[in-house]
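Prediction below, plus the sequence it came from.
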Amino acid sequence: MTFRFCPQCASELAWIELPEDGGPKTRPRCPNCDFTHWNNPTPVLAAVVECVDREGQVLLARNAAWPMRFFGLITGFMEAGETPEEGIRREVFEETSLEALGATLIGVYDFQKKNQVLIAYHVPARGEVRLSPELTEYTLTPPEQLECWPQGTGQALAQWLRGRGIEPRWMPPRG
């Protein structure tokens, strides 16, 4: 989100450098009050959902907002007052109706294209898949048949596969 005007006093923001930033960092600041738009990355949770009652197949889903037919990990924003582990278990349930049986950290990845920090987990889960309206369809794929994508959560999927002794296969470049 970009701010053009100060949400505290409605003055137009200016690009101002202040010495207390610990170095030469110019940020949108209000010249009339103390507001600074920090534009820090947003934490996003991601899950490699392993369906333990479906021979360990991995659930990938297609987001309704995506224009292309791409299947990715279950993702969502952390809510105030919850831990990342609680958040990813909640997201898996909200988006798939699956019961998360645990959440093990895979890793943390920067996704600068969207100004996000991805916190990825392996989530073993069970139950009947019923997608939320955010998702249009899903696939269940054995881990050794998965293809990783080069950006964002694709790196987390590749790391999870390597942890299982599977060398990741990569999707061919688009275009």
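Cool, got the structure.

Tell me how many other residues surround the nearest residue to residue 157 once chain neighbours are set aside.
Residue nearest to residue 157 in three dimensions, not counting chain neighbours: residue 148, with 5.0 Å by Cβ to Cβ, 6 or more residues apart in numbering. The C-beta positions use only the backbone N, C-alpha and C, and glycine is treated the same way. Taking other Cβ atoms under 10 Å as the neighbour definition, residue 148 ends up with a count of 17.

Could you do the one 3 residues further on as well?
Around residue 151 there are 11 other residues, counting by other Cβ under 10 Å.

same check, this time on residue 155
Counted by other Cβ under 10 Å, the residues lying close to residue 155 total 20.

Next, please give the residue ranges for the helices of this structure.
Counting by DSSP state H, one finds helices in the chain at the ranges 84-96, 153-163.

Could I get those in TSV, plus columns for distance to residue 25 and mean pLDDT?
As requested, those are exported to TSV (distance: least, Cβ to Cβ, whole Å; pLDDT from 0 to 100):
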stretch	distance to residue 25	mean pLDDT
helix 84-96	27	98
helix 153-163	27	97
